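Trainee: Turn this into a structure:
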Amino acid sequence: MKIGILSSTFLNKILPWFIILALVSVFFRLLPDLTFMGVKVVFEDSKEVYFFDGKILPPKDAKYVILKDATEIVMDVDELKGKKFGILEFNMSYYVAQSFAENLDNVINVHYIKPEELENYNKDTLFRRLWRSVIERSIDLIVLPKTPLTMKVASTFEKYFGISEPISYIPKLEKLKYVYLIILVVFVFHFFPYVLFLIPLLYFSYSYFVSAVSIVGTIFIFKRLNNNILRFFSYYSLGIFTNLSLYDFEHLNNINVYRGVKLSLILLPAILLTELVITQKSEFKKHIKVFLPIFTIFGMYYIIRSGNYGFVLNFERHIREVLENVFIIRPRTKELLFYPFLFLSTYVDNMFYKKVFQLLGSIALISTFNTFCHIRAPMFINAYRELITLCVSLIVFFAIFSIIRLERSVLNEKNANSIHNRASY
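Mentor: Predicted coordinates:
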């Protein structure tokens, strides 16, 4: 017997209201995100900046103490009195800095460009890197090596953004996260009622409970829905509810992060791949020599790219820059690649290829959800970014679909003419 709450009719009635609530909720963070998007650019030779190795105490005139290349910190919190502690993104000390920052209330997020990296940039591309660090990740402080190039870019950047003293992101309505936690649980409950069995986990860890509920949601939303547009907006909504469930000082300042990122990225594709192998065993064996190397190589790159160390291949960087030139805020490249597969899967008759297309499309859906799991990033930017990604993906899909239909039409016409000619003969 089916559980009534899971009926398709019920989901079709209740789901649009959740989607509308998610879209409206984006505006809750709009003004705070804009307020805390201020940034300051300094050069690394400035006395204000001190790159802390975790051992040698910072000088008295240092204003920003930035942990860099450290594996431990031998310093008391009191030593930072009157100073700001910087968490340096894409650095080996990132997790050490997070742990130390748990006891601080003067935390800022820092982006640093190494001198040896400058050879890969010109004035335009360097500006865009700084732009992305603020727009996409809401960086507080940018530290640059002092060269003629960086001085020009810094001057242009400061005119564009203005300068403000870097400060910690202070949420005004932090307790509202509990309201969105309830909304998140109720939302996932409509797809999988047994999610309520995870509630005891809340006693041990709030953040792990949020992650567990949302990861369960990523699986059962895909299983319960067949309409791919509804799937997109459901993952979109799931991401927003998850984001606002973690709307607190620690997550907004990257002291704490969404737990289980890699698990959320691989779990649904892994389940779909397993189902593909089991249900389409004979077909899979025929194609294993082609698919196994592709899935292995892409899977490794996919997992590495999800980390905190900013690994990006040059060709992907070039694609990003082209997209950014067109849309200002670039769409997610992997979603542009995989959403068309998801939309095409509806029109594929062969069950093996339908499941392969759904598997590839699931990667895009998970990516949409994952976009909102970067709590520090301005939500309105991510919301816009995902909607742009959907629109562009649909254009790509319709272009591919039209080409396929045209080719089929031409092929059918040729076959009809061939049959007609043979009949005449």
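Trainee: Please read off the pLDDT at the most centrally placed residue in the chain from the model.
Mentor: Central residue check for the chain by Cα atoms, centre = their mean: the C-alpha nearest the mean position is that of Thr371, 2.5 Å away. Looking at Thr371, its pLDDT reads 94.
Trainee: thought it was touching Arg385?
Mentor: Yes. Assessed by Cβ atoms under 8 Å, Thr371 is found in contact with Arg385 at 6.8 Å. In short, each C-beta sits where N, CA and C put it, glycine included.
Trainee: Quick check: neighbours shared by these two?
Mentor: Overlap of the contact sets of Thr371 and Arg385 (by Cβ atoms under 8 Å, 6 or more residues apart in numbering) consists of Arg332.
Trainee: can you pull out the strands in this protein?
Mentor: Assigned by DSSP state E, the chain shows strands spanning 40-43, 49-52, 64-67, 84-88, 107-112, 141-144.
Trainee: Quick one: neighbours of the closest residue to Leu272 other than its chain neighbours, just the number.
Mentor: Excluding its sequence neighbours, the residue lying closest to Leu272 (Cβ to Cβ, 6 or more residues apart in numbering) is Leu359, at 4.4 Å. Using other Cβ atoms under 10 Å, Leu359 has 23 neighbouring residues.
Trainee: and what of Phe352?
Mentor: Phe352: 16 neighbours (other Cβ under 10 Å).
Trainee: Touching stretch 190-210 from outside, list them.
Mentor: With Cβ under 8 Å, 6+ apart as the test, stretch 190-210 has contacts from 3, 5-6, 10-11, 14-15, 18, 181, 184-185, 188-189, 212-213, 216-217, 219-221, 223-224, 242, 245-246, 251, 256, 258-260.
Trainee: Return the members of these classed as buried.
Mentor: Neighbour counting with 16 or more other Cβ atoms under 10 Å marks 11, 15, 18, 181, 184-185, 188-189, 212-213, 216-217, 219-221, 224, 242, 245-246, 251, 256, 258-260 as buried within those.
Trainee: Looking at the residues you listed, which are in helices?
Mentor: Per DSSP state H, helices hold the following members of the buried ones among the contacts of stretch 190-210: 11, 15, 18, 181, 184-185, 188-189, 212-213, 216-217, 219-221, 224, 242, 245, 251.
Trainee: can you tell me how far Gly54 sits from Lys68?
Mentor: 9 Å (Cβ to Cβ, to the nearest Å).
Trainee: now Phe341
Mentor: Distance, Phe341 to Lys68, by Cβ to Cβ: 41 Å.
Trainee: ok, now Leu126?
Mentor: Noted for Leu126: a distance of 20 Å to Lys68, by Cβ to Cβ.
Trainee: These two - which one has more neighbours?
Mentor: Counting neighbours by other Cβ under 10 Å for Leu126 and for Lys68 shows that Leu126 has the greater number, 22 against 18.
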